[in-house]
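Asker: Sequence first, then the predicted structure, then my questions.
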Amino acid sequence: MPCWQSRTYSGVFPYLLPHASVVLPAENGAGVVAVVKLTKRTVEGALVRDDDYFIWCDELPGFGVRVYPSGKRSYLIQYRAEGRSRRAKLGLHGHLTCEQARKEAMVLLGQIARGENPAEERATRRTAMTVRDLCDRYKAAIENGLIMGKRGLPKKPLTVLSDLGRIDRHIIPLLGPRRVCDLTPVDISRLIRDVTMGKTAVVEKTKRLRGKAVVTGGRGAAARSAALLGGIMSFAVSEGVIATNPALGVRRPASEARTARLSPSDYSKLGRALDAEAHDGANPTAIAAIRLLALTGCRKGEVLGLRWSEVDESGRAFRLTDSKEGASVRPIGSATFAVLAELGRREGGGWVLPGERRDLPYGGLKGVWRKVRGRADLSGVMLHTLRHSFASVAGDLGYAESTIGALLGHASGSVTGRYTHILDRVLIAAADHVASTVHGYMAEEPLAQST
């Protein structure tokens with residue numbers, strides 16, 4: 001049988017192992033010592049033994065193929081790094097051709113010559129943090145008050161709850177298994193598209209009150225999920241997980257502008273619908289909540305979370321201990337206090353609008369609002385429209401933006417700081433004027449339509 005001379009390459013390529021001998025089985029079972037040129041014919045013609053063995057390339061030192069007892073053949077490179085022998089797999093023969101494996105081997109061996117270590121890098125990538133792992137770390141940081149919101153303060157409980165919902169229902173289902181280090185702007189754009197199209201839409205049971213979460217997706221959910229993911233990626237940068245934020249520069253869907261407002265005629269239809277629903281036995285707490293939203297311009301969460309301890313009738317204000325903009329004082333009109341007087345205080349919890357369980361606020365407003373809206377023929381009008389309409393009425397009455405901002409509790413116009421114990425008479429008069437106007441619209445018959 002012929003025998004080829006083994007070659008040593010360590011003198012030419014010091015980062016390679018000196019391959020002293022390689023066994024290539026012969027048909028008669030007698031091995032030959034050889035380093036041969038790896039070709040398709042060589043690889044496919046290698047015999048299968050009871051143990052695995054290597055065939056090394058004569059032309060490209062460090063490039064070889066491993067022949068397994070199962071008959072599989074795997075391309076690899078072998079080299080020395082930091083005083084240790086290393087191997088890096090390239091792929092199975094059949095998935096890669098011999099020439100494709102050779103080209104990849106040339107690239108990796110070139111990296112090794114520059115001091116890199118592809119085997120270790122691949123091992124690191126296999127154990128690299130996934131998006132799911134990062135989200136778990138982010139959740140823990142939120143629970144410990146380490147994730148800041150507006151004005152450098154810890155995020156509010158409702159904001160945290162919303163964030164956790166978006167993480168669990170949008171981000172993890174779409175990107176959870178992906179390695180953080182592999183994320184690109186394209187992945188962020190794909191998440192936006194998938195959430196917009198409703199790919200993550202689901203109705204599921206929860207352990208919270210009323211026990212059901214309805215996830216619909218859409219443009220708004222996509223924009224907010226992408227914004228949250230950008231924040232999580234910034235957290236990853238601060239933790240040293242990645243060097244740059246892949247969400248930077250990714251365009252998010254524009255929030256749908258809420259430009260709708262109620263006209264005097266719409267207010268009149270709303271008032272009539274509320275009276276009719278109340279007459280038909282609708283929950284009086286829900287009816288009062290809608291009236292309070294219309295007469296104060298407060299946010300839905302501010303009204304539903306209002307406590308009697310925050311109602312200052314003598315000072316003509318709501319003294320909110322926690323709103324979207326933090327502690328806030330809102331001037332309130334007399335028409336609002338008339339609704340509160342009719343509602344009356346009920347024991348337990350201290351909520352102005354208590355739920356069936358007195359220790360929790362009312363939680364069934366959406367269902368009642370849909371009935372009221374349908375009865376008033378106000379299709380498309382949202383509860384938030386009442387806040388926008390309140391501001392529009394104030395504008396119609398000639399009040400300046402700064403005054404309207406104070407009435408609504410905007411950050412730029414909110415009454416805060418050491419002056420929160422008093423309110424300017426002008427603001428109280430403005431709140432009373434706007435609330436009385438809205439109440440007048442709601443109490444009147446629908447305006448005669450022009451012909």
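Answerer: Nice, I can see it.
Asker: where does the chain dip in pLDDT?
Answerer: Low-confidence segments of the chain, defined by pLDDT under 70: 1-34, 119-127, 150-151, 203-214, 255-259, 324-326, 347-349, 358, 411-423, 445-451.
Asker: Show me where it has its strands.
Answerer: Along the chain, counting by DSSP state E, strands occupy 23-24, 32-33, 53-56, 63-67, 73-81, 84-92, 202-205, 212-215, 311-312, 317-323, 326-331.
Asker: of all those, which lies closest to A376?
Answerer: strand 212-215 (23.8 Å; Cβ to Cβ). In this view, the C-beta of every residue, glycine as well, is placed from N, C-alpha and C.
Asker: Helices of the stretch 351-451 of the chain, residue ranges please.
Answerer: Under the criterion DSSP state H, counting those that start in this stretch, helices of the stretch 351-451 of the chain are mapped to 365-375, 383-396, 401-408, 425-443.
Asker: and of the ones you listed, who's closest to G333?
Answerer: helix 425-443 (2.7 Å).
Asker: then that closest one to CSV, C-alphas only?
Answerer: Only the C-alpha atoms of helix 425-443 are listed here, as CSV (Å, rounded to 0.1, in the frame of the first residue of the first chain):
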residue,chain,number,x,y,z
ARG,A,425,-59.3,82.6,42.1
VAL,A,426,-58.9,82.9,38.4
LEU,A,427,-58.3,79.2,38.0
ILE,A,428,-61.3,78.3,40.2
ALA,A,429,-63.5,80.7,38.2
ALA,A,430,-62.3,79.2,35.0
ALA,A,431,-63.0,75.6,36.2
ASP,A,432,-66.4,76.7,37.3
HIS,A,433,-67.2,78.4,34.0
VAL,A,434,-66.1,75.5,31.9
ALA,A,435,-67.9,72.9,34.0
SER,A,436,-71.1,74.9,34.1
THR,A,437,-71.0,75.3,30.3
VAL,A,438,-70.5,71.6,29.8
HIS,A,439,-73.2,70.8,32.3
GLY,A,440,-75.5,73.2,30.4
TYR,A,441,-74.9,71.5,27.1
MET,A,442,-75.6,68.1,28.7
ALA,A,443,-78.8,69.2,30.3
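Asker: list the helices and strands that helix packs on?
Answerer: Applying 3 or more Cβ pairs under 8 Å, 6 or more residues apart in numbering; DSSP states H and E, one finds that helix 425-443 contacts helix 264-279, helix 284-296, strand 326-331, helix 334-343, helix 383-396, helix 401-408.
Asker: one step back: out of the helices of the stretch 351-451 of the chain, nearest to S334?
Answerer: Among the helices of the stretch 351-451 of the chain, the nearest to S334 by Cβ to Cβ is helix 425-443 (5.6 Å).
Asker: between that closest one and strand 326-331, how many degrees?
Answerer: For helix 425-443 against strand 326-331, the angle by axes from the mean of the first three to the mean of the last three Cα atoms, to 10 degrees is 70 degrees.
Asker: what does helix 425-443 rub up against?
Answerer: 262, 264, 267-268, 270-271, 274, 291, 294-297, 316-317, 330-336, 389-390, 393-394, 397, 399, 403, 406-407, 415 (Cβ atoms under 8 Å, 6 or more residues apart in numbering).
Asker: if we go to 6 Å?
Answerer: Outside helix 425-443, the residues that touch it by Cβ atoms under 6 Å, 6 or more residues apart in numbering are 264, 267-268, 271, 294-295, 316, 331-336, 393-394, 399, 403, 406-407.
Asker: which among these end up buried?
Answerer: Buried residues within the contacts of helix 425-443, counting neighbours by 16 or more other Cβ atoms under 10 Å: 264, 267-268, 271, 294-295, 316, 331-333, 335-336, 393-394, 399, 403, 406-407.
Asker: quick one, helices of the stretch 101-250 of the chain?
Answerer: 118-126, 131-143, 157-166, 172-175, 185-196, 219-238.
Asker: Distance to V352 and mean neighbour count added to those helices, as JSON lines?
Answerer: Output for those, formatted as JSON lines (distance: least, Cβ to Cβ, whole Å; neighbours: other Cβ atoms under 10 Å):
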{"stretch": "helix 118-126", "distance to V352": "56", "mean neighbour count": "13"}
{"stretch": "helix 131-143", "distance to V352": "29", "mean neighbour count": "17"}
{"stretch": "helix 157-166", "distance to V352": "18", "mean neighbour count": "15"}
{"stretch": "helix 172-175", "distance to V352": "37", "mean neighbour count": "19"}
{"stretch": "helix 185-196", "distance to V352": "35", "mean neighbour count": "18"}
{"stretch": "helix 219-238", "distance to V352": "29", "mean neighbour count": "19"}
